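Asks: Fold the following and give me the result.
(one chain, ligands or ions: 1)
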Amino acid sequence: MATDVHRPVTGNPSGPDAAGHPRETATAVRVDGLTRAFDGRPVIDRLHLDVRAGEFVALLGRSGCGKSTLLRVLAGLDRDIEGTVLVPRRKAVAFQAPRLMPWKRVWRNVLLGLPGKPERARAEQALAEVGLGHRAQAWPKTLSGGEAQRASLARALVREPDLLLLDEPFGALDALTRVKAQRLVDELWQRRGCAVLLVTHDVEEAVLLADRVLVMDEGVIAHEQRIDLPRPRDIADPRFAALRAGLLERLGVEAPAVASPGTEAHAA
Ligand SMILES: Nc1ncnc2c1ncn2[C@@H]1O[C@H](COP(=O)(O)OP(=O)(O)OP(=O)(O)O)[C@@H](O)[C@H]1O
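Replies: Below you'll find the predicted structure:
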């Protein structure tokens with residue numbers, strides 16, 4: 001396939017411009033005419049995407065439409081592409097499976113792959129940020145599913161990313177743990193100010209967390225929805241329900257009926 005033009009955005013995309021002014025509209029990700037084919041069949045087909053520095057973007061789409069492929073390309077894990085992909089040098093990715101090495105203690109897992117000889121204190125700080133400071137010495141097999149997922153997040157955070165790529169990070173968690181993990185990601189994003197691209201199947205999660213929700217279809221971004229609700233978001237807010245219903249419709253899923261204010265829904 002044609003040239004690999006994956007290259008980093010030079011400098012810190014969220015840093016000040018030459019005159020020292022903050023870049024309100026600085027770009028974290030710029031994708032232009034991206035195509036990725038498997039066995040001659042394009043899964044991504046001349047796709048365009050811009051993500052602003054510090055923006056939280058959620059990516060929805062039916063199973064197999066190419067969401068994970070796009071994320072892997074942005075992460076630099078798949079370079080067999082055509083088109084232009086500009087991403088920050090500092091980026092990190094967390095997958096649905098936490099992918100911890102069972103023979104390394106949690107803190108060593110957090111530092112895995114970092115260049116040089118990174119200090120344990122850095123791992124402990126990242127673990128503390130996700131509420132796992134007390135498990136730094138633990139072996140991965142002793143962690144619960146939610147804890148393992150948080151350790152995986154700490155491994156991403158320790159890289160101090162300008163772009164955090166999350167591929168269904170909450171997909172395997174039970175409902176309560178999932179809600180807690182979503183809150184944690186919301187807090188971390190607000191504190192860190194990095195751009196986030198979250199691949200998810202969950203429309204509610206997308207509306208809960210993102211500034212902008214993208215729907216991928218036929219290899220391109222087929223629909224875009226800005227979410228202008230104040231944070232933290234209230235799923236009982238009728239505007240929330242309307243946005244969720246609109247996106248579900250886009251995905252070809254019928255939205256559940258929403259009780260109008262002042263009424264109660266009763267099972268027959
Ligand atoms: N290494 C590969 N070799 C061949 N085909 C692949 C490869 N990776 C992905 N594909 C195909 O590309 C398409 C998109 O896959 P991808 O994993 O990106 O979809 P997705 O939208 O993330 O799906 P899901 O929501 O089910 O995780 C699928 O048809 C998949 O079979």
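Asks: quick one, what contacts S68?
Replies: Applying C-beta atoms under 8 Å, 6 or more residues apart in numbering, one finds that S68 lies in contact with D167, V199. Bear in mind the C-beta positions are built from the backbone N, C-alpha and C, glycine included.
Asks: Next, count neighbours for D186.
Replies: 17 (other C-beta atoms under 10 Å).
Asks: helix/strand/coil for it?
Replies: With DSSP: H, G, I helix; E, B strand; the rest coil as the basis, the three-state label of D186 is helix.
Asks: Figure out the length between the terminal residues of stretch 224-244.
Replies: Length of stretch 224-244, first residue to last, C-alpha to C-alpha, to the nearest Å: 13 Å.
Asks: as a whole number, average confidence for that stretch?
Replies: Mean per-residue pLDDT for stretch 224-244: 95.
Asks: Name the residues of that stretch that are buried.
Replies: Q225, I227, R233, F240, A241, L243, R244 (16 or more other C-beta atoms under 10 Å).
Asks: Over to stretch 154-169?
Replies: 154-159, 161-169.
Asks: show me where the chain has helices.
Replies: Remark: helices assigned in the chain by DSSP state H are 67-75, 106-111, 120-129, 145-157, 175-192, 203-209, 238-250.
Asks: so can I have TSV of the ones you listed showing distance to A26?
Replies: Putting the helices of the chain into TSV (distance: least, C-beta to C-beta, whole Å) gives the following:
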stretch	distance to A26
helix 67-75	17
helix 106-111	28
helix 120-129	24
helix 145-157	21
helix 175-192	15
helix 203-209	21
helix 238-250	26
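Asks: Of all those, which one comes closest to E82?
Replies: Closest to E82 of the helices of the chain, according to C-beta to C-beta: helix 67-75, at 10.8 Å.
Asks: wait, does the closest one make contact with the ligand?
Replies: Yes: using C-beta under 6 Å from any ligand atom, helix 67-75 reaches the ligand at K67, S68, T69.
Asks: Need the nearest residue in space to the first one, chain neighbours excluded.
Replies: Residue nearest to K67 in three dimensions, not counting chain neighbours: V199, with 4.5 Å by C-beta to C-beta, 6 or more residues apart in numbering.
Asks: So what pairs up with that neighbour in the strands?
Replies: L59, D167 (DSSP bridges).
Asks: distance of it from the ligand?
Replies: Distance, V199 to the ligand, by C-beta to the nearest ligand atom, to the nearest Å: 6 Å.
Asks: Need the pLDDT of that residue.
Replies: At V199, pLDDT is 96.
Asks: Then E264?
Replies: 40.
Asks: Next: G113.
Replies: For G113, the predicted pLDDT is 86.
Asks: Cool, thanks, talk later.
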